[in-house]
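[1] Show me the folded form of this:
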Amino acid sequence: MPNFLLKRWHGYHVIGLFSIAVLFTGILTIYQWKIGILGFICLSVVFYLMKRAKTEFEDELSEYISTLTYRVNKVGEEAVSNLPLGIILYNEEHKIQWANPYIVNLKADDCIGKPLEYLSDYLKEYFEEENDQFILKIENHKFRVIHKRNERLFYFFNVTEEQKIKELFEKDKTVVGLIYLDNYDEVTQGMDDQVRSKLLAHVTENLNRWSQRNDVLLRRTAADRFISIFNEGTLSTLERDRFTILDEVRESTAKERIALTLSIGIGSGSSKIRELGQLAQSSLDLALGRGGDQAAIKQMNGKVRFYGGKSNAMEKRTRVRARVISHAIRDFISDSDKVFLMGHKNPDLDSVGAAIGMLKIAEANGKNGFIILDTSDINSSVEKLIDQIKQKRELWNKFITPEEAQEMVTEKSLLIIVDTHKPSLVIEPSLISISERIIVIDHHRRGEEFIEDALLVYMEPYASSTAELVTELLEYQPKHPRLDVLESTALLAGIIVDTKSFAIRTGSRTFDAASYLKSRGADTTQVQLLMKEDLDQFVKRAKLVEKAFIYTGGTAIALGEEDQNYGQLLIAQAADTLLTMNGVVASFVISKLGDGRVSISARSLGDVNVQVIMEKLGGGGHLSNAATQIEGIELEEAEELLKEKIDDYFKGGQST
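    The predicted structure follows:
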């Protein structure tokens, strides 16, 4: 405590004593006035000394406060100047008005009067995005920036070391991967043990070299399965290399004339090994559901990244599986009160034909079935089929609107979705949320978006069409459904449309299904009538094809007129036509739909995986047949975006 404050503290006691002395002297004066007068003289002297002491105290206090204020101001100035953090004031024009020495020394230049982007190009971007706290890199340092908008003030806290530690921590996180040899059982079936061992040793050698090169712990768990453990840093390296191990195994086995590929499922983003294992298995299932020969990476936040998927899927479905699925569907139908069948928006002949086939299965098992259809959203081919169905009153009565379906569905109803597995693409998405019993039957390669909690999922990307899958299910029903000519023709039309008259994605099972339908009265002439187009549609398609140009790698791109709307069917037909041209290995047609969205239809001969390219744009489909629709974009913007994704694909880019 300062001396003058001690004096003040003692002064309070003196005043108290002085007051007592005055009182005592006054009383004494009454009895002994001479002594009292002498006492008052002494008290006057004391009072004078006290007054003088008080004046000295006030002077010392004033001097102390003045000195303390000076010292505090000086310390504040030194703190602002020397603290290891930056401070910037800017004006209404977003120019730097004042910066403390820390910022000036950081840039080694006077930044007063210069725009905010002088410090960093990203500073203005964060400013415009109204971020009040963010990480910013300046020179070789990273800063946590706090923005006080009302004061037009920035604080810069150096977190370079903190970020380095965080990055090291993130890179060191554990990652679990599951590796599966696609088609191993099918390829090695009937193969001599020595040849099988040699093939397996060849693949294992490739995997071991890959694991040693990338610091991956690899262990075999079965003849066709491996488990790998590594960290996020290694995962980043593998992603930069686009998982070249997929290409290495595919190419090395192709030299032996054996089509053997890998599927890799990876789980990341969790600190719990069990969760990583579950994510890895989910990723592997997703990769296999998309046809294999690719790597899928799934994180805890649900995001999935894909790499590879450039080879055509090898058919590995069996008739045993088709029979088991057919019997399982029969049991689910038997336990339901009603069966509702729904395809995708703007349904094609495959979607409607498959729905009719499933309707016959429901009826064969004694249940009422209803096909959900929005007649205002169908193409010309489906419209022709519906016109014929209307002539068969019994069949037409089974078609209902989405609104009618919402009123009719109950807790025991069964909803069967055909020709799609994406909730956003079905005719009435709300039915998925109100239906507790759902079955999915589809032939497309599985995408990230998927109908969850389905009772049964029958997805075969190796099939030509959903109509082919449904035809096999019809064959294996214990109570064989009776198909008439129109119903058989609708199923056959679905197969013919999706295979382009048996030209693409056609296997032996496709012809078996077509043979079965033909034996049930399917009329191929009637199919051709359904697929006929008007002259004006032909002319519009020809104009689209006329605008096509070769971009890169044998890819042809056609761009529609900005003020012209095209139907989805016409766009797809134009892409098919382009694919017949010499030198074209993949075709893309870009045009506007009636609702203002930009549609891109993609086709290939199998050398280019157009599904991968379309998935990057929010769409999907098959390796050789895919599409997407984009909202809020012009045709020229869509063209540039498509070119960017095509370039990325040929550089080995990821699929989503």
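[2] per-residue confidence at the nearest residue to residue 587 once chain neighbours are set aside?
    Among residues not flanking residue 587 along the chain, residue 578 sits closest, at 3.6 Å (CB to CB, 6 or more residues apart in numbering). From N, CA and C alone the C-beta is placed, and that goes for glycine too. Per-residue confidence (pLDDT) for residue 578: 91.
[3] where's residue 578, which helix or strand?
    Element membership for residue 578, per DSSP states H and E: helix 568-579.
[4] so how far is that helix from its chain's centroid?
    Chain-centre distance of helix 568-579: 29 Å, with CA atoms, centre = their mean, to the nearest Å.
[5] Show me which residues of the next helix or strand after that helix are buried.
    Once helix 568-579 ends, the next helix or strand along the chain (criterion: DSSP H and E) is strand 586-592. Judged by neighbour count using 16 or more other CB atoms under 10 Å, the buried positions of strand 586-592 are 586-592.
[6] re earlier: packing partners of the helix holding residue 578?
    Identification of packing neighbours for helix 568-579 by 3 or more CB pairs under 8 Å, 6 or more residues apart in numbering; DSSP states H and E yields helix 535-546, strand 555-559, strand 586-592, strand 598-604, strand 625-630.
[7] who touches it?
    Residues from elsewhere that reach helix 568-579 (CB atoms under 8 Å, 6 or more residues apart in numbering): 346, 348, 379-381, 500, 533, 537, 540-541, 544-545, 548, 556, 558, 560, 584, 586-589, 591, 593, 599, 601-605, 627.
[8] Show me just the buried residues among those residues.
    Using 16+ other CB under 10 Å as the burial test, those include 346, 348, 379-381, 500, 537, 540-541, 544-545, 548, 556, 558, 560, 584, 586-589, 591, 593, 599, 601-604, 627 as buried.
[9] need the helices and strands packed on helix 568-579 in a markdown table with distance to residue 510 and mean pLDDT, can you?
    As requested, the helices and strands packed on helix 568-579 are arranged in a markdown table below (distance: least, CB to CB, whole Å; pLDDT from 0 to 100):
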| stretch | distance to residue 510 | mean pLDDT |
| --- | --- | --- |
| helix 535-546 | 26 | 86 |
| strand 555-559 | 27 | 93 |
| strand 586-592 | 23 | 93 |
| strand 598-604 | 18 | 92 |
| strand 625-630 | 14 | 88 |
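[10] Could you list the domains of the chain?
    What automatic domain parsing lists as the domains of the chain is 3-81, 85-167, 176-308, 319-530, 535-650.
[11] Okay, the nearest residue to residue 529 once chain neighbours are set aside and residue 306: tell me how far apart.
    Of all residues not flanking residue 529 in the chain, residue 384 sits nearest, at 7.2 Å (CB to CB, 6+ apart). Per CB to CB, to the nearest Å, residue 384 is found 38 Å from residue 306.
[12] So these two - more neighbours on which side?
    The neighbour comparison of residue 384 against residue 306 (other CB atoms under 10 Å) goes to residue 306, with 23 against 18.
[13] Now that one. Its backbone dihedrals?
    Backbone torsions for residue 306, taken as degrees, to the nearest 10, come to phi -120, psi 150.
[14] what pLDDT does it get?
    For residue 306, pLDDT reads 84.
[15] can you check residue 11 too?
    Reading off the confidence values, residue 11 has pLDDT 51.
[16] same question, residue 480
    We have a pLDDT of 80 for residue 480.
[17] now swap in residue 656 and tell me
    So residue 656 comes in at 41 (pLDDT).
[18] Neighbours of residue 238, how many?
    Applying other CB under 10 Å, I find that residue 238 has 23 neighbouring residues.
[19] no no, residue 50
    Neighbour count for residue 50, taken as other CB under 10 Å: 14.
[20] After the host helix or strand of it, which helix or strand is next? Please name it.
    According to DSSP H and E, residue 50 maps onto helix 33-82. Under the assignment DSSP H and E, the closest C-terminal helix or strand after helix 33-82 is strand 85-90.
[21] Figure out how far that next one is from the centre of its chain.
    Strand 85-90 sits 38 Å away from the centroid of its parent chain (CA atoms, centre = their mean).
[22] Please apply the same query to stretch 554-568.
    Using CA atoms, centre = their mean, the offset of stretch 554-568 from its chain centre is 27 Å.
[23] Check stretch 497-517 too.
    For stretch 497-517, the distance to the chain centre is 34 Å (CA atoms, centre = their mean).
[24] Just the endpoints, please. Distance across it?
    Distance across stretch 497-517, first residue to last, is 15 Å (CA to CA, to the nearest Å).
[25] what do you get for stretch 186-198?
    First-to-last residue span, stretch 186-198, CA to CA: 16 Å.
[26] With stretch 394-410 instead?
    By CA to CA, the extent of stretch 394-410 from end to end equals 23 Å.
[27] how about it: buried residues?
    By neighbour count on 16+ other CB under 10 Å, the buried set for stretch 394-410 is 395, 398-400, 402, 405, 409.
[28] Quickly name whichever of the residues you listed is closest to residue 337.
    For these, the minimum distance to residue 337 (CB to CB) is 9.9 Å, reached by residue 409.
[29] distance of the closest one from residue 415?
    Relative to residue 415, and taking CB to CB, residue 409 is found at 7 Å.
[30] With adjacent residues omitted, what lies nearest to residue 171?
    Spatial nearest neighbour of residue 171, excluding adjacent residues (CB to CB, 6+ apart): residue 233 at 3.6 Å.
[31] Isn't the one you found up against residue 174?
    No. Applying CB atoms under 8 Å, one finds residue 233 not in contact with residue 174, separated by 11.1 Å.
[32] Need the residues touching each of those two.
    With CB under 8 Å, 6+ apart as the test, residue 233 and residue 174 reach no residue in common.
[33] if we can go back for a sec, around the residue nearest to residue 587, count how many other residues there are.
    By other CB under 10 Å, 23 other residues sit near residue 578.
[34] Residue 246 reaches residue 295, doesn't it?
    Yes. The pair residue 246 and residue 295 qualifies as a contact (CB under 8 Å) at a distance of 6.6 Å.
[35] Please write out the alpha-carbon positions of the helix or strand hosting the residue nearest to residue 529 in CSV.
    Element membership for residue 384 (DSSP H and E) is helix 380-390. Output of helix 380-390 as CSV, limited to C-alpha atoms (Å, rounded to 0.1, in the frame of the first residue of the first chain):
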residue,chain,number,x,y,z
SER,A,380,-45.6,-40.6,-76.3
SER,A,381,-44.7,-44.3,-76.2
VAL,A,382,-46.3,-44.8,-72.8
GLU,A,383,-49.3,-42.7,-73.9
LYS,A,384,-49.8,-45.2,-76.8
LEU,A,385,-49.6,-48.1,-74.4
ILE,A,386,-52.1,-46.4,-72.0
ASP,A,387,-54.5,-45.9,-74.9
GLN,A,388,-54.5,-49.6,-75.5
ILE,A,389,-54.8,-50.4,-71.8
LYS,A,390,-57.9,-48.2,-71.6
